[in-house]
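**Student:** Sharing a model that was predicted from the sequence below.
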Amino acid sequence: MLNCCRVLLRARARSIVFSALAFGATLVTLYEDSFVFSSNSLRSLSSNGETPRLIGGATHETEARILESTFKHLQLRSVHEEVIEIQRVKADDDEYENTRPLVPPINVTEEERVSWFRNVLPEFDIFESNNSTRPFHVRVTGFFGQKNNCSVRFFMTWISPARSFGRREFLALESLFKSNPYGCLVIISRTMDSKLGFKKFKPVLGHGFKVIAVTPDLPFLFENTPAKAWFDEMKAGTKDPGEIPLAQNLSNLIRIAVLFKYGGVYLDTDVIVLKDFAGLRNSIGAQSVDAVSRRWTRLNNAVMVFDKSHPLLLKFMTEFASTFDGNKWGHNGPYLVSRVVEKVNGKGGFEFKVLPPMAFYPVDWTRIGGLFRRPETRAEAKWVEAKITQLSGGTYGVHLWNKQSRRLKIEEGSVIGRLIEDHCIICEKIYT
């Protein structure tokens, strides 16, 4: 989604590029209505028993051909093949960023990994409160104050270097403000809370939109929450971080904690926003559904909308702290929110909506490449038009699954290209 935060490092000659992590999913079946989860029931997507409608008369064959996996011939690398540890990178403004990830060595025992973790902890200040982190709460509440009159409070996370906040992430920002011009965005990031980060935001700031990067104060965020015990163990170096880069799991937890503290909308940085979010409350999106029962089979945490102190967020943090496993992809993210929602099914006090895949995940990660390709035939051009019409209906945002799609060029005339053209502000370098 990581979105909002999901972090890997890839080596370059003189720089590194972090990428958001995407999680596996089953094939998405598209419906138009929404799941509504209440204390008593979980309703299916369609109340009239009809089968989902094909878009705009497009044939099964055309859609299948366009959305055929772009990645079947690409060998996806493992975590440790993609991650290269580099201690410091010189940024464009001649300031240095500490970009070394908390990535443990491979082929070691749990005891050896905990020992390694304890030894490297002093090199990182992410767990500490200091002069740069302590103003976090004051800055966030001040930004959301009456002066800005925010229609929607948005949050993203960025734990990568500021220089790797690229053109595609900026296009996502443009789409957010095009669809939510009176919204306010807080990017929780130490690296973006810098001169270089400010340069990245300056174009949208110049158009009067409201965005700020704030260095997080993790002890404050997790204080008086179920996450504190987990955080204290990590900070003490007594808990196994697992094989997955800890930054990814911190991003999963930070997004829950900020929504619990302040309320609002969390978005991954690879979501193209198509609609105003002001009408959404206490909602989470299904990534996939069962074709027969029409019930969700997987939720995702790349987009979440919750009121401050919502009890489901408390359950998410409790589950994170009590079942943390740093060795399983998605266990502390999409799988976590799926587990918790399943557990609270039928229990009172948890009022929220589970929106259908069409809301945020209209195309599965294995098929997202089809939306990047330009149409080559009249049938494909017709399908593109029908797809755009469909997405303009029940889709609030399109998750680009950046881990898979970041190497794909946005081709002119493609679904993604057309959506960005319609939802950009500065509209530069869409196809480069």
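**Tutor:** Perfect, thanks for sending it. Owing to the predicted nature of the structure, the values given are computational and were not obtained by experimental measurement.
**Student:** And Pro226, its phi and psi?
**Tutor:** For Pro226, the backbone dihedrals (degrees, to the nearest 10) come out as phi -60, psi -10.
**Student:** repeat for Val289
**Tutor:** When read as degrees, to the nearest 10, the backbone of Val289 gives phi -140, psi 160.
**Student:** likewise Phe154?
**Tutor:** phi -110, psi 150.
**Student:** and if you look at the one 5 residues further on?
**Tutor:** The phi and psi values for Ile159, taken as degrees, to the nearest 10, are phi -110, psi 0.
**Student:** so what's it scoring on pLDDT?
**Tutor:** In this model, Ile159 is scored at 87, pLDDT.
**Student:** What is the burial count for it?
**Tutor:** Neighbourhood size, Ile159 [other Cβ atoms under 10 Å]: 27. For the C-beta atoms, the positions are set from N, CA and C on the backbone; glycine is no exception.
**Student:** For Arg190, see how far away it is.
**Tutor:** 8 Å (Cβ to Cβ, to the nearest Å).
**Student:** Within the helices and strands, which one has Lys140?
**Tutor:** Careful, residue 140 is Val and not Lys. Assessed by DSSP states H and E, Val140 sits inside helix 136-143.
**Student:** Okay, buried residues for that helix please.
**Tutor:** By 16 or more other Cβ atoms under 10 Å, the buried positions in helix 136-143 come out as Phe136, Arg139, Val140, Phe143.
**Student:** for this protein, what spans make up the strands?
**Tutor:** Along the chain, the stretches classed as strands by DSSP state E are 8-11, 16-19, 35-37, 88-90, 96-98, 153-157, 184-188, 210-214, 264-267, 271-273, 283-289, 296-306, 352-355, 397-399.
**Student:** Parallel or antiparallel, which strands does the longest one pair with?
**Tutor:** Sheet pairing for strand 296-306, assigned by DSSP bridges, gives strand 264-267 (antiparallel), strand 283-289 (antiparallel).
**Student:** Can you dump the C-alpha atoms of the longest one in PDB for me?
**Tutor:** Output for strand 283-289, consisting of C-alpha atoms alone and laid out as PDB, is shown next (Å, rounded to 0.1, in the frame of the first residue of the first chain):
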ATOM      1  CA  SER A 283     -14.000   2.300   7.200                       C
ATOM      2  CA  ILE A 284     -11.500  -0.200   6.000                       C
ATOM      3  CA  GLY A 285     -11.200  -1.800   2.600                       C
ATOM      4  CA  ALA A 286     -11.500  -5.400   1.500                       C
ATOM      5  CA  GLN A 287      -8.600  -6.500  -0.800                       C
ATOM      6  CA  SER A 288     -10.400  -9.600  -2.000                       C
ATOM      7  CA  VAL A 289     -13.800 -11.400  -1.700                       C
END
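**Student:** contact partners of stretch 419-431?
**Tutor:** By Cβ atoms under 8 Å, 6 or more residues apart in numbering, the surrounding residues in contact with stretch 419-431 are 167, 171, 174-175, 177-179, 203-204, 207, 209, 272-274, 388, 391, 398, 409-412, 417.
**Student:** How much space separates the spatially closest residue to Glu411 that is not a sequence neighbour from Leu391?
**Tutor:** Closest residue in space to Glu411, ignoring its immediate chain neighbours: Arg374 at 4.0 Å, by Cβ to Cβ, 6 or more residues apart in numbering. Note on Arg374: its distance to Leu391, by Cβ to Cβ, is 17 Å.
**Student:** Could you do Glu112 as well?
**Tutor:** Distance, Glu112 to Leu391, by Cβ to Cβ: 48 Å.
**Student:** Between the two, which is the more surrounded one?
**Tutor:** Leu391 (23 against 12).
**Student:** The more buried one reaches Val363, doesn't it?
**Tutor:** No: counting by Cβ atoms under 8 Å, Leu391 does not reach Val363; the two are 9.5 Å apart.
**Student:** and Tyr304, what are its bridge partners?
**Tutor:** In this structure residue 304 is Met, not Tyr. Assigned bridge partners for Met304, using DSSP bridges, are Tyr266, Ile284.
**Student:** right, and it touches Arg255 too?
**Tutor:** Yes: the pair Met304 / Arg255 is scored as a contact, 6.8 Å apart, by Cβ under 8 Å.
**Student:** what touches both of these two?
**Tutor:** Contacts common to Met304 and Arg255, judged by Cβ under 8 Å, 6+ apart, are Tyr266.
**Student:** Return the per-residue confidence for Lys195.
**Tutor:** What the model reports for Lys195 is a pLDDT of 96.
**Student:** go on, Thr133?
**Tutor:** Looking at Thr133, the pLDDT reads 95.
**Student:** Measure how buried it is and give me the count.
**Tutor:** Neighbour number of Thr133 under other Cβ under 10 Å is 22.
**Student:** Please report how far it lies from Leu185.
**Tutor:** Distance of Thr133 to Leu185, computed by Cβ to Cβ: 20 Å.
**Student:** same question, Glu421
**Tutor:** Noted for Glu421: a distance of 21 Å to Leu185, by Cβ to Cβ.
**Student:** between the two, who's got more neighbours?
**Tutor:** Legend: neighbour count by other Cβ under 10 Å for Glu421 and Leu185, higher for Leu185 (25 against 14).
**Student:** For that one, give me its contacts.
**Tutor:** Counting by Cβ under 8 Å, 6+ apart, Leu185 touches Phe154, Phe155, Met156, Leu173, Leu176, Phe177, Phe209, Lys210, Val211, Ile212.
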